[in-house]
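> Could you look at this predicted model? Sequence included:
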Amino acid sequence: EADRYRDALRYTRERTRFGWVSTAVSTFLFLGFWSAGGFGALDRWLRSFGWPDLATGLGYLGVLAAVGGLLTVPFDLYSTFVIEQRFGFNRTSVRTWVLDRIKGLAVAVALGLPLASGLLGLFATFPGSAWVWCWGLVTAFTLLAQLVFPAVVLPLFYRFAPLDDGPLRQALLGYAAAVGFPLDGVFVVDGSRRSTKANAFFTGAGRSKRIALFDTLVERLDVPQLVAVTAHEVGHFRRRHLWIGAGLGVLQAGVMLALLQVFVTHQGLFFAFSVDGPSVAVGLVLFGLLASPIDGVLTIGANALTRRFEFEADRFAAETTGDPEALIAALVALARDHLAQLNPHPLLVFLEYSHPPLGERIGALRSRSARVAEP
């Protein structure tokens, strides 16, 4: 265990340094592009083709997205085939990595193109109240994504196979029946083709929900532990955490779109980035860059909320299974296998962590168990 703890420290250091380097490089490239007048030059070049405003705006967004995607390639390669490989996590072949990038690009175009077209079109049609209409579009898109992504997008990357009948399947279906949760099926996901890391999630909507367990998770945990992990995910559903998070995201989008409405008509914004005149597409990009500090602050609040949600889901799992030690054992096993940082600084947790540290989760579970056990 001492060796594993040292590996966890090394892994955390390497990931942290890698994050610093990638952030520094991206910042340097952004400042260089800005200083060279790149934002304005790209806008003028695209306008020279005489395309309609919508096509010009989509071209602007598409070029920047493509360049940004290409710049992430070396960092993604290093992360996957050097860092993750060094610590024994990576199982992704080069072929799988390339296919994943191609599929990801196709999904981004299929989802991003209609959304971007809608936003640009609404700003052109309703210049005085576009943010309200755009807010409605983003809301509809967010709700649709909650339903479509697990059922349509994930199967493009992973294979879902029904879990064979046996003790695990019976235990999971039995638990779902006991808590009145509409579980329509249990599937195993071939996560081991890409990584040794494990995960579990639900797919489906309404009265038809399915639990998907990574094969690495099934290999690593015993039946009570897998039931506890499933109960934790059921807890998120029963406490409506996913929908609360989506609702807060919609509210945040409304605030940001209202601010965007102001920024896209402000000549000073475009002058600062060497752009000749107002453009919705350019304004969208520039506002995204300038609003990143606001987004960072909002993310801190969102992380605090999701940490609370994790405690609530843990408590739900412990209460409904009656076996908090099974969940504790599962959390310990996953933290060990993922080389999780066991003692992060409280400030780091506050700023960056979406999940509570392992020690806090175990302490909360055992404290709750002790209170229940008292006469």
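Cool, the structure landed. Bear in mind the structure is a predicted one, so any value in this text is a computation, not a measurement.
> low-scoring stretches of the chain, by residue?
Applying pLDDT under 70 to the chain flags the ranges 1, 204-208, 368-375.
> at 50 what do you get?
375 (pLDDT under 50).
> mind checking the longest helix of it?
helix 2-35 (DSSP state H).
> What is that helix packed up against?
Here helix 2-35 touches helix 53-78, going by 3 or more Cβ pairs under 8 Å, 6 or more residues apart in numbering; DSSP states H and E. Backbone N, C-alpha and C define where each C-beta goes, glycine included.
> Distance from the following helix or strand past the helix it packs on to the middle of the chain?
Following helix 53-78 in sequence order, the next helix or strand is helix 84-86 (DSSP states H and E). Centroid separation for helix 84-86 versus its chain: 22 Å, with Cα atoms, centre = their mean, to the nearest Å.
> can you tell me how far L286 sits from L64?
11 Å (Cβ to Cβ, to the nearest Å).
> The two: which has the busier surroundings?
Counting neighbours by other Cβ atoms under 10 Å for L286 and for L64 shows that L286 has the greater number, 22 against 18.
> Number of residues surrounding V109?
There are 12 residues near V109, going by other Cβ under 10 Å.
> Three-state assignment for it, please.
The assignment at V109 comes out as helix when based on DSSP: H, G, I helix; E, B strand; the rest coil.
> For N199, give me phi and psi.
Phi and psi for N199, reported as degrees, to the nearest 10, are phi -160, psi 170.
> And for it, nearest residue in space, chain neighbours not counted?
F214 (4.9 Å; Cβ to Cβ, 6 or more residues apart in numbering).
> repeat for T203
For T203, the spatially nearest residue (Cβ to Cβ, 6+ apart) is P150, at 3.8 Å.
> residues touching the residue nearest to N199, list them.
188-189, 191-192, 197-200 (Cβ atoms under 8 Å, 6 or more residues apart in numbering).
> For it, give me phi and psi.
Here F214 shows phi and psi, under degrees, to the nearest 10, equal to phi -60, psi 140.
> so the residue nearest to T203 makes contact with I211?
No: judged on Cβ atoms under 8 Å, P150 makes no contact with I211 at a distance of 11.2 Å.
> neighbour-wise, which of the two wins?
I211 (25 against 18).
> check contacts around the more buried one.
I211 neighbours (Cβ under 8 Å, 6+ apart): 172, 183, 185-187, 200-202, 230, 233.
> And A200, how far from S274?
For A200, the distance to S274 equals 49 Å [Cβ to Cβ].
> can you check L284 too?
As judged by Cβ to Cβ, L284 and S274 stand 17 Å apart.
> Just the buried residues of the next helix or strand after the longest helix of the chain, please?
Counting by DSSP H and E, the next helix or strand C-terminal to helix 2-35 is helix 38-47. Of all the residues in helix 38-47, those buried under the rule 16 or more other Cβ atoms under 10 Å are 38-40, 42-43, 46-47.
> Which strands or helices does helix 38-47 pack on?
Where contact means 3+ Cβ pairs under 8 Å, 6+ apart, helix 38-47 is packed against helix 53-78, helix 280-290.
> and it with helix 2-35, angle?
60 degrees (axes from the mean of the first three to the mean of the last three Cα atoms, to 10 degrees).
> For helix 38-47, list the C-alpha coordinates in CSV.
Extracted in CSV, the C-alpha atoms of helix 38-47 (Å, rounded to 0.1, in the frame of the first residue of the first chain):
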residue,chain,number,x,y,z
GLY,A,38,-5.5,37.3,-35.9
PHE,A,39,-9.2,37.7,-34.8
GLY,A,40,-9.7,40.6,-37.1
ALA,A,41,-7.6,39.1,-40.0
LEU,A,42,-9.7,35.9,-40.0
ASP,A,43,-12.9,37.9,-40.0
ARG,A,44,-11.8,40.1,-42.9
TRP,A,45,-10.6,37.0,-44.9
LEU,A,46,-13.9,35.2,-44.5
ARG,A,47,-15.9,38.3,-45.4
